[in-house]
Structures are given as C-alpha cells and as structure tokens.
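# here's a sequence, model it:
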Amino acid sequence: MRLSNPSIQFGVLATCAIAAASALASSHREAPSITGMPKVDATDFYMFRSYEAGREGFVTLIANYQPDQSPYGGPNYFAMDPNALYEIHLDTDGDAVENITFRFKFTHTLRDIQLPIADKKVSIPLVQAGAISAPNQPTSNLRETYTLDIVRGDRRTGRVDPVSMAGGGMVFDKPTDNIGDKTFGGPTGYASYANQHLYAVNIPGCATPGRVFVGQRKDSFTVALGQVFDLINLNPLGSTSANPDALANRNVTTMALEVPISCVTTAASPIIGGWTTASVRQGRLIASPPKSGHGTTTLNGGPWAQVSRLGMPLVNEVVVGLKDKDKFNSSKPKDDGQFADYVTNPTLPALIQTLFPGATAPTNFPRTDLVAAFLTGVEGVNKPANVKPSEMLRLNTSVMPTPKARQSNLGVLAGDTAGFPNGRRPGDDVVDAELRVAMGALCVATGALDALKVGCKPGDAPAGGAALTDGALQSPAQFSDAFPYLNTPLPGSQ
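This next block holds a predicted model:
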C-alpha cells in the first residue's frame, strides 16, 4: 500500500512510535513473581480487524498464556488454572478504564478412568485412556471446560451477562493439548479435533453472533531470544532472517474471540484500546496432605488480585525497571503515570548505544515523542478524543483490514495502516518495528519542522533511520487467514 499524501505518510510513520522504548522479546516470563505462576502468565495480546474473507465487520481479540510449553509436556500437559480469572478488557472512550470485559473461567472435571487389574479397579495415570476425536469422549480422563461472560462497566462491579453458544448452552469444551498423532488419529487428526471447539456465540447486547476458540496453539511469537538477552549478541543491521526463532518448538494456550465491531465501539469514536489480565485469589494455602482428586493441593480465598497484565508487546519485559515489574503486572492503565519515567527516559536506547557505539541513542529528553505516541495514540490515526495517557494496544476500527497476501510485517512503518501498532496482527514483526522506533524513527519521520508536533527532529536521532532487526523473521505467511488465525500446536510425539 502506498500513501501519496505527505501528511498521511508522516502520520503513518508516527504510529510506529506507539510501542517505542520497548523491544526484543514478547511477554514470556517477564517479571519475577509471574515466573512462579506460569498458568497465568500472558505471553502475547493481539487485536485487529478480522481479515478472514467475509468477516471484515469483526474485531479479533487473542490472548495467549502459559509460555514455553514443550510439546511433550505430559502426563499433565498445560491445563488452565481453574482458580484464576482470565480477562480481555476494552476501553471504548479513551479514559484508561475498561468499559467492556470478556471474562474466561475454567473448570476441571476428572472422569477417573479405572482399569481392572486382577481383582481391583485402579485409576489410570494419564489424561487419556485411548484415542480422542471429539469433545468430552469417554476416553478423555480430564475434561476441561470454561464459561465466558461479558461485563459492562467495572470488571468487578459492572453488569455481568453470560455468553452462550449459538445453539444453546453456556459451558464450552477446551480441547486436550496435542499429545501426539496416535492419540488424535494421524498428522491431521488434531486440527480436525480442535476445530470442533470453535463455537459461534451469542453475546448479550450484540445483534450479530461472534465466535470463540480456546485451546493450545503453536507459539505465535518469533524472536532470537537467546541472542537478544545475551547483550544483543547478533548483527542488528544484518539480514532479517539470519537467526533462528527461539520459540519455534514451543506451544502456548490461546483464548481467541471474534466480536462485531458495532458491539465494541461507540458512535463517538471507532477507536478502542485493549489489554489482557489474569487474576488469582489473594489468599492461597497449600493443603497438606491434599485430598484425593484433581487440583486439590491449593485452598483459595479472599478478593481477586491481578498478577499479569499485557497490552502492547514487550513493555514489561524490557522497558519497566526490574524493581517495578511485579508492580506493573498488578497495575491498571489509569495509574500508568507512576511508570512515566520509563518512557520519558528509556534505558533501552542507551543500552543499545553502549553495546553498539555507532548507534547513537536519541538525545531529546524527556522523550516527548514517545509519550505522545506510546501512551496516547497518534492524532488522526488511533488517538481517541480526550484520551488519558495510558499503556494499551489501540485499534482504529475504521481502517479496513489488509488481506493476508498484501500485509506487511512492519505494519504502518511500511505503509500498511491496518497493522502494528494500529492494533497487532499475528504476522506483524513487532521486534524489528520497535527496535527502529526506540532509536528514533519518529524523530526522523517528523522532519526538521516537526510536522508531527512531537518535540524532536532528525538531528536528535542519528540512528533513527537504521533498519534494525533481531534477524528472526515474523511474517504474515506463517499464519492462517481464518479464525482463530494461529497455527495447530506441535504434537508431543514429534
């Protein structure tokens, strides 16, 4: 896509700075406390206008959890936490407070399959007792289900309505993780099985049905993780495909929801902000010894406490200081002023300059360019009216989706206005885009006369035009162009 109007070109380049000052890895194990609670660790959040043919009137929301899943992670695999709340929040008026929340709550039911061994019946040690080809089969020893609610207003005190299947029923089955080809009937068996868990849903207050899928997927993020955390042990000006993807052999658990645009926007603005959180009970005790059964080790009580938060990718991982990472995970966007120094005076550019002296960090402080773009959106692109500065993913739903074949993995940086950071699609290479912006791409784009009015100029960012990369290619070609977009998980017996 090419833009002929120079002012529009400036605006498009400016949106790349929404994620400025963050880069290098998605939200996998990003804070000290969350490393001990992997079941509620958010890894990636996506929000984009659906680009599946015929679904352009919908927004897709995807929240991934549970990082670093080895495909062979048996015998228990990666069930979700039944004592947690997993939520996707939407701010529809720019005030940094959720107006709509989609809330997922999981339940585990142990079938306790037993085999006759001599004169006794003995419980099996596995989650399956034979082949599985459909939801809730007798051979499935552990059934995992979930409910989905929509909350309008405050996430804890607002109006709660259950989301139901189009054909009736309010309890949804989550597929068993991809144990292997023999369990699911061959190389294509798991895809067929998982697709039976894609539900059309009636969302109260929405005239048109949406869709939901919850289940294991191939990890959708691509990054040269080992090299990046080894003091950026790579060539940042090299090929965009020079390094292997550190997550190529990992799975995640996905909660994907497709909702009508008309149901999540207002007449006043087509722009929505979004983020995902996970919360657990404030009090957790260990039962010693636990009762016989499944999941009886912990005793949970007290109010809900948020322990994970993810909007824009990479923020808590490499922007927020180590001392505040747990605090950020428990915070809400409306209180983001407490983290302002990490944006106005970011450490990442200075680190890059230290490691690569030829890449001079921007010199405009405070980084007003990053504050304007990163915390508010960009005027005329995805900035809500009367916005309160806060960190979240923002999407202008009035921008038409770009078909998969024409998508650029650099999103708006390459003129694809339907891509990151105007929302985020699976194929958007947020690492490369954010590396470039952190080093001052916005200051270069705004020009000597500061056409974007962001308070900097090209001379403030000597490396702002550099084509920085981690060398691990993220591409739209890696993904499907149909809901839920993310790929079939890797089998445990591969």
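
# does the residue nearest to Q114 when sequence neighbours are not counted belong to a helix, a strand or coil?
Leaving aside its chain neighbours, Q114 sits nearest to K121 (4.2 Å; criterion: C-beta to C-beta, 6 or more residues apart in numbering). From N, CA and C alone the C-beta is placed, and that goes for glycine too. Per DSSP: H, G, I helix; E, B strand; the rest coil, the secondary structure class of K121 is strand.

# pull the number of nearby residues for K121.
When neighbours are counted by other C-beta atoms under 10 Å, K121 registers 10.

# so it sits right up against L115, yeah?
Yes - K121 lies in contact with L115 (C-beta atoms under 8 Å); the separation is 7.1 Å.

# if we can go back for a sec, what about the residue nearest to Q114, distance to M400?
60 Å (C-beta to C-beta, to the nearest Å).

# do the same with D428
Following C-beta to C-beta, the distance that separates D428 from M400 is 16 Å.

# more neighbours: which of the two?
Between D428 and M400, D428 has the larger neighbour count (other C-beta under 10 Å), namely 29 against 11.

# distance check, the closest residue to the more buried one other than its chain neighbours against D432.
Computed as C-beta to C-beta, 6+ apart, the closest residue to D428 that is not its neighbour in sequence is F420, at 3.7 Å. Separation of F420 from D432 (C-beta to C-beta): 10 Å.

# which residues sit against stretch 300-311?
27, 33-34, 37, 40-45, 63, 65, 83, 85, 156, 273-285, 316, 328-333, 391-393 (C-beta atoms under 8 Å, 6 or more residues apart in numbering).

# what about the residues you listed, which are in helices?
Secondary structure defined by DSSP state H assigns N316, F328, N329 of those to helices.

# from T488, how far off is the nearest residue to Y190 once chain neighbours are set aside?
Nearest non-adjacent residue to Y190, counting by C-beta to C-beta, 6+ apart: F184, 4.3 Å away. Distance, F184 to T488, by C-beta to C-beta: 10 Å.

# returning to what we had before: buried among the ones in helices among the contacts of stretch 300-311? Make that a ChimeraX selection.
In ChimeraX, a selection of the buried entries from the ones in helices among the contacts of stretch 300-311 looks like this (16 or more other C-beta atoms under 10 Å):
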select :316,328,329
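
# number of nearby residues for the residue nearest to P82 when sequence neighbours are not counted?
Nearest residue to P82, sequence neighbours excluded (C-beta to C-beta, 6+ apart): F106, at 4.8 Å. Per other C-beta under 10 Å, the neighbour tally for F106 reads 20.

# just checking, F106 is part of a helix?
No - using three-state DSSP, the assignment for F106 is strand, not a helix.

# quick one: low-confidence residue ranges for the stretch 201-350 of the chain.
Of all residues in the stretch 201-350 of the chain, none has pLDDT under 70.

# and the helices in it?
Remark: helices assigned in the stretch 201-350 of the chain by DSSP state H, counting those that start in this stretch are 225-229, 261-264, 315-318, 325-329, 341-344, 348-355.

# winner for burial among these?
Neighbour counts (mean count of other C-beta atoms under 10 Å) averaged over each of those peak at helix 315-318, with a mean of 23.

# how distant is it from the center of its chain?
13 Å (C-alpha atoms, centre = their mean, to the nearest Å).

# swap in stretch 430-439?
18 Å.

# so which bits of it are buried?
V430, V431, D432, A433, E434, L435, R436, V437, A438, M439.

# swap in stretch 95-110?
For stretch 95-110, a neighbour-count test (16+ other C-beta under 10 Å) marks 95-106, 108 as buried.

# what's stretch 188-195 in contact with?
So stretch 188-195 is contacted by 132-134, 175, 178, 181, 184-185, 213, 215-216, 488-489, 491 (C-beta under 8 Å, 6+ apart).

# okay, and which of these map to helices?
Among the contacts of stretch 188-195, the subset assigned to helices under DSSP H consists of D181, F184.

# nearest to P244, of the contacts of stretch 188-195?
Of all those, P244 sits closest to P489, with 19.2 Å by C-beta to C-beta.

# so the closest one touches T176, yeah?
No - with contact defined as C-beta under 8 Å, P489 does not count as touching T176 (10.8 Å).

# A287 is in contact with T296, isn't it?
Yes - the criterion here is C-beta under 8 Å, and A287 meets it with T296 at 6.3 Å.

# near the nearest residue to A372 once chain neighbours are set aside, how many other residues are there?
In space, and not counting its chain neighbours, A372 is closest to V454: 5.1 Å by C-beta to C-beta, 6+ apart. Number of residues near V454 (other C-beta under 10 Å) recorded here: 22.

# and if you look at G153?
Count around G153 with other C-beta under 10 Å applied: 14.

# tell me if I'm right that it and R159 touch.
Yes - between G153 and R159 there is a contact at 6.1 Å, judged by C-beta under 8 Å.

# contacts only, for T360.
Applying C-beta under 8 Å, 6+ apart, the residues contacting T360 are Q353, P462, A463.

# please name the nearest non-neighbouring residue to the first one.
What that stands for is Q353. Distances taken as C-beta to C-beta, 6+ apart put A361 closest to Q353, at 4.3 Å, once the chain neighbours are dropped.

# hang on, that neighbour packs against I352?
Yes - the criterion here is C-beta under 8 Å, and A361 meets it with I352 at 6.7 Å.
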